[in-house]
Structure formats: structure tokens, C-alpha cells
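# need a structure here:
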Amino acid sequence: MLRFDIAPVCSNAYRFQATMSFTIAALYLITPWKWVAFILAVGGFIRGFVSPHKCLSYKLFEKTTAQIGWVKRVNAGSKMFADKIAFVAGSVMAISWLAGSSIGNIPATAILIFAFLDLATGFCAACWVYSAWYRMRGVA
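Numbers count the residues shown, from 1 in each chain. Sure thing, here's the model as predicted:
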């Protein structure tokens with residue numbers, strides 16, 4: 001469902017955001033710094049449930065892309081859906097770390113793979129699922 005209540009977002013700024021998610025997932029998987037999952041969860045919550053325009057990292061990346069002339073505006077709905085998935089993944093990673101379980105490696109690996117795909121090619125798998133879901137339902 002298209003979100004007209006929130007201003008469009010810059011998809012290229014979200015590619016920088018994907019780089020940040022990739023880095024967080026890599027740190028979670030290969031270092032003892034499991035606490036970085038909280039960064040993913042908090043950022044996903046702010047961008048996915050509040051507004052991407054309220055997130056400090058998004059604001060930074062949006063300004064950066066504007067300065068280099070790399071702005072590409074898209075509807076915020078699919079990107080917010082991707083951020084909700086990042087919130088869930090980050091929360092599972094953080095909770096499993098606090099519980100002493102290694103199950104958080106599963107969402108961390110998924111974030112690592114899909115964030116790399118997004119940052120390398122611009123293909124957002126969650127955005128694709130989001131739009132496919134609404135096409136199947138005949139809404140969009």
C-alpha cells in the first residue's frame with residue numbers, strides 16, 4: 001500500500017542504510033560485539049514505525065546523496081516495510097544474545113545477504129515482497 005501520509009524517501013539514501021545494516025550484521029556474526037543488534041533494532045523501529053525522516057542516520061544519508069546529486073525519490077511504504085523487518089531481525093538478534101543463544105545468527109545472516117544485495121545492486125527484496133503482496137491482493 002502506498003504511503004501518502006509520509007513524504008517520499010530517497011532510495012539511494014536507503015542504499016547507504018543497507019551498507020550500515022550489512023556492517024552491523026557482519027559485526028554481529030564475526031566479532032564478540034553482539035550488542036550492535038540493538039542499533040539495527042532501534043533504527044528499524046524509528047524508520048519503520050515512526051518515520052524515516054525522524055531517523056538520524058537516514059537524515060545524514062539523505063543529505064549526503066543530495067550533495068552528490070544522487071537523489072531518487074520513492075514512496076516510503078515499501079522502505080518502511082523493509083525497516084519493520086530490520087526491527088524484527090535486530091530484536092531477535094539482541095534477545096537471543098541476551099538469552100545466550102546463537103539463534104540470532106539466522107536473522108543476522110539473512111540481513112547480511114539481503115543488505116549486500118541492496119547495497120550492491122539496489123534491489124530491495126523486502127520492497128519487492130511488499131509490492132508483490134499488494135499486487136496479488138489487487139490493491140496497487
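
# what's the helix or strand for the residue lying closest to residue 13 once chain neighbours are set aside?
By the measure of C-beta to C-beta, 6 or more residues apart in numbering, the closest residue to residue 13 outside its immediate chain neighbours is residue 61, 3.9 Å from it. All C-beta atoms are positioned from the backbone trio N, CA, C, and that covers glycine. Residue 61 belongs to helix 56-67 when assigned by DSSP states H and E.

# need the contact partners of that helix.
Where contact means C-beta atoms under 8 Å, 6 or more residues apart in numbering, the residues beyond helix 56-67 that reach it are 9-10, 12-14, 16-17, 20, 43, 47, 52-53, 71.

# go on, stretch 33-42?
Outside stretch 33-42, the residues touching it (C-beta under 8 Å, 6+ apart) are 21, 24-25, 27-28, 86-87, 89-91, 93-94, 97, 104, 108, 111.

# and the end-to-end length of that stretch?
For stretch 33-42, the separation between the terminal residues is 16 Å (C-alpha to C-alpha, to the nearest Å).

# mean confidence (pLDDT) on that stretch, please.
The average pLDDT within stretch 33-42 is 98.

# show me what counts as buried in stretch 72-85.
Buried residues in stretch 72-85, defined by neighbour count with 16 or more other C-beta atoms under 10 Å: 75, 76, 77, 78, 79, 80, 81, 82, 83, 84, 85.
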